[in-house]
Structure formats: structure tokens, C-alpha cells
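A.B. asks: Need a 3D model of the sequence below.
(4 chains)
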There are 2 protein chains.
Amino acid sequence: MLDLAILGLLHESPMHGYELRKQLATKLGAIRAAISYGSLYPTLRRLQVAGWIIEAGETAAGAEEIPPLTSRRGRVVYKITAEGKERFQELLAQAGPETYDDTGFGVHFAFFARTDQATRLRILEGRRRKVEERREGLRDVLGRAAERLDAYTLELQRHGLDACEREVRWLEELIANERSGRAPQAATPPPDTPERP
Amino acid sequence: MLDLAILGLLHESPMHGYELRKQLATKLGAIRAAISYGSLYPTLRRLQVAGWIIEAGETAAGAEEIPPLTSRRGRVVYKITAEGKERFQELLAQAGPETYDDTGFGVHFAFFARTDQATRLRILEGRRRKVEERREGLRDVLGRAAERLDAYTLELQRHGLDACEREVRWLEELIANERSGRAPQAATPPPDTPERP
DNA sequence: TTGCGATGTATCGGTGCGATACATCGACGC
DNA sequence: GCGTCGATGTATCGCACCGATACATCGCAA
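C.D. replies: Numbering: from 1, shown residues only, chains lettered A, B, ... in the order given. Predicted coordinates for the structure are as follows:
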């Protein structure tokens, strides 16, 4: 999941770790707190070893290819490679079960602007299915097992059920929009990393 | 968190691992999927080593103290100890930052029937504070940074903001109830493990 | 000038997940 | 009587990610 998120952000522009974390926090603020450094840096190394990102400055043509705003030693700016972009598309399109849990869905959704419509539809429907299952489970408990649970636990289930129902409705809307061709906004495709300005 | 959840369930009645997992799935169905065996069994061993739970049948007085419904070899029934009950209360009352994240709050809330009112109030208010912070973060992004994000990302933030607002309202109600003395139901205190029937 | 908060990179231990293995049991069809 | 299939049941392994921590630099204000 982190791979996808990081590649996605670096797809928009080169960045160093700290900045990546901040951007991720705003982009995925609705989904998860903030990525931990204990995940971030090892992941960056892994991505680099795999050849999906490189440290900017090593690219070519020597010197200060991307003049950092505050050119301080110690900052490591990463840049996505062509292989990285391929990998990103691969990750975007592939759908395991983890694609539909809270985090997985959120990350995929956050990059929907780079996803083709068929994939968007598939992911939205997969997510809906999953939330519906959760919803049915909660309804069962509230119906059948209600007497065996205390009032607080039941209240928790009720709140969870409400959240599920709302999310399903939200997903229905999004799916309808996708089907009708008009996305939330086909406008504003995010800027791509210019290969050679 | 697992410690708390497992001790809490075993507080209600002795159980073996598989059953524990199922009960946990229904009790915390609104919060999290289901605990993985890869967490469950190591945790059970840890709790046992710490002396908070023991295998039923080892207790005392030899033989078949709790005659299992289907007395099959291989099932390991666990039972909470007196130390375990102390530990449970300790975990219930203590409030680190992780007490207020989604999972932590959910687990605490699920055992509110065993929590004293002051602690309940403290936890509800802590959670509210946390959700409010999240909400403010999302409002900021939707207000200030809106133009820099694509439509899908914005839609995600909007949905997240809505969920935050709803949860805050829900928490407000619960807090008001606690303050006014009438909990959702002071009734139905769950059964305790009988020490000696 | 000193000291503090933001920026920045990095590691470590622990928690929990998903996949997997394996064994028993009751129910069902044949 | 026989196979086999799904539910029950215990257990481990590797991986992903988190939270705490360490440490160093910068800009700014007291």
C-alpha cells in the first residue's frame, strides 16, 4: 500500500522523505493518520533498490538539476523512474482483497484521477460489496444476538451500522456517476513529472 | 489492545482460542475485521506466561473442572485469573494516546459496561478531542489546499469530514448521557466468571 | 546567545496480519 | 459402509507498519 502511495506522490513531483510524509498526510488525511518514519524510509530504500525511484541529482547532467529551495546538505530528493511509473499503473489496476479494506481502498481512491474508468468502477463495486457484507454482519448481530450483548456494545454496533449504510450510499452515488460518464471531475488531472521541460 | 480485548472476553466466561476469535468478531464487528490467528495464539501464550490467564483444568482439584461440551482432546480452554482481572481493570482505566484511535477507542468502548463512569467520560472526551482535531485538519485542507488537489481526493476528504462530524455528534450525545447519570443502559451488566459456583 | 520549534534522516522493537499447515468431527450423498 | 466436504480447532512464519527514539541543522525570537 505504501508503495502505491509513495509512487503516486512522486509521480506528481520529486520530493524528499519529510515532504512526502506531509503530502501523504494531507492527501490521505481522511483515511489514515500519517505514515510512520519507521515505514517510510525502509520503503523508500526498497523502492530505490527495485529501480522504481532514484535519488534526484544522480539522474544525469551532473550538478543542480532540481535546485532545492533551501539547498541544504542532507536532504535526499527522490524521483520516480519510467519503471516506477509502470509499477504504479500495475499497482493501481491490480485488485487483491486488501484493495477493498479501509486503507487500501482509500489509497486507490486518492489516485483515481490517474486510473482508467473501468478500474475505477471495479474498485468502487468491490468496495461496496465489502461494506455491504460488513453491514449485513452488523444487522445480524443487532437482530439475532442483541440480547446477549450489553447496551454499550450494541450502541457501538448501531453506530458502525450507520457508518456502513452511509458509505454504501456514497459509493452508489459515485458508481452512478462513473456509469453515466461524468466523473466527479474529469477536470484537474494532476500535473505529471516533466521528463524534460 | 489485544490483551484488553481477550482479558475482557475471558472475564465473561472461559473459552478456547477459536471461540474467542468468533466472539471478538461479533463484539468488535463494528471496529475491526477479526483478529488473526497469528496474533491470537502468541498473545494467549504471553498472557498465560504473565499469569493473567490459565488453561482451565489445570486450575485445581484435578480432573474435569469445566466439562467441555464436546470433550475432545486438543482444545485448550483459557480462564482469566485474579491477577488477570486486576490487569484488565488497569488496562481499562489507563489512557495513552492509542486509547483514542479507532481501534483503541472501540475496544475500550466495547467494555464500558465494566468501566466506571469517570473513566467512561474521560475516554469519550479524549476520543471527541481526537476526532475534532482530525475534523479540523480536513476542513483546513478543503478550505485552503482545495485547488491543489484533484476532484477524487477532494471527494474523499469530504466523505471523511462528514464521518468526523457525525462521530463528534454521536460522542456528544453519549457524553451528555453519561453526565446526566443515565448511561445507554446501566442495565445488563454482563455475567461474571463465577469463581466457585 | 541561547534556546526552541520546525525540518530532516534514520533505526529498533513490538504489534498485528495473511497465508499456510495440519488434524478432527459431523453431515451428506452414494 | 465410504468418501469427502465444510466447520472446528491449534499453531507458525514472514511481512507490513507503527511508535519511540536518536541525532543534526536551520531560522527566529526572547
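A.B. asks: And the contacts of the helix or strand hosting A:I54?
C.D. replies: If you go by DSSP states H and E, A:I54 is part of strand A:53-55. Residues outside strand A:53-55 that contact it (C-beta atoms under 8 Å, 6 or more residues apart in numbering or on different chains) are A:6-7, A:10, A:44, A:47-48, A:76-81, A:84. For glycine as for every other residue, the C-beta is placed from the backbone atoms N, C-alpha and C.
A.B. asks: Averaged pLDDT, that strand. What do you get?
C.D. replies: Throughout strand A:53-55, pLDDT has a mean value of 93.
A.B. asks: which one of the contacts of strand A:53-55 has the most neighbours?
C.D. replies: A:I6 (29 neighbours; other C-beta atoms under 10 Å in any protein chain shown).
A.B. asks: near DNA strand D at all, the strand or helix carrying that one?
C.D. replies: Per DSSP H and E: A:I6 is located in helix A:2-12. Yes: using C-beta under 7 Å from any atom of the strand, helix A:2-12 comes into contact with DNA strand D via A:2-3.
A.B. asks: Contacts only, for the residue nearest to A:T119 when sequence neighbours are not counted.
C.D. replies: Leaving out its chain neighbours, the residue that sits closest to A:T119 by C-beta to C-beta, 6 or more residues apart in numbering or on different chains is A:A93, at 5.2 Å. Going by C-beta under 8 Å, 6+ apart, A:A93 touches A:115-116, A:119.
A.B. asks: tell me which of these is nearest to chain B?
C.D. replies: Among those, A:T115 lies closest to chain B (C-beta to the nearest C-beta), at 8.7 Å.
A.B. asks: residues near the closest one, how many?
C.D. replies: 18.
A.B. asks: Likewise for A:P97?
C.D. replies: 9.
A.B. asks: List the buried residues for the host helix or strand of A:E155?
C.D. replies: According to DSSP H and E, A:E155 maps onto helix A:151-179. Neighbour counts using 16 or more other C-beta atoms under 10 Å in any protein chain shown place A:151-157, A:159-161, A:163-164, A:167-168, A:170-171, A:174-175, A:178 of helix A:151-179 among the buried residues.
A.B. asks: Okay, and which of the contacts of strand A:53-55 map to strands?
C.D. replies: Among these, DSSP state E puts A:77-80 in strands.
A.B. asks: Out of those, which comes closest to chain B?
C.D. replies: Using C-beta to the nearest C-beta, those come closest to chain B at A:I80, 17.6 Å.
A.B. asks: contacting residues around A:L24?
C.D. replies: A:L24 neighbours (C-beta under 8 Å, 6+ apart): A:5-6, A:9, A:34-35.
A.B. asks: go with 6 Å
C.D. replies: For A:L24, the contacting residues are A:5, A:35, by C-beta atoms under 6 Å, 6 or more residues apart in numbering or on different chains.
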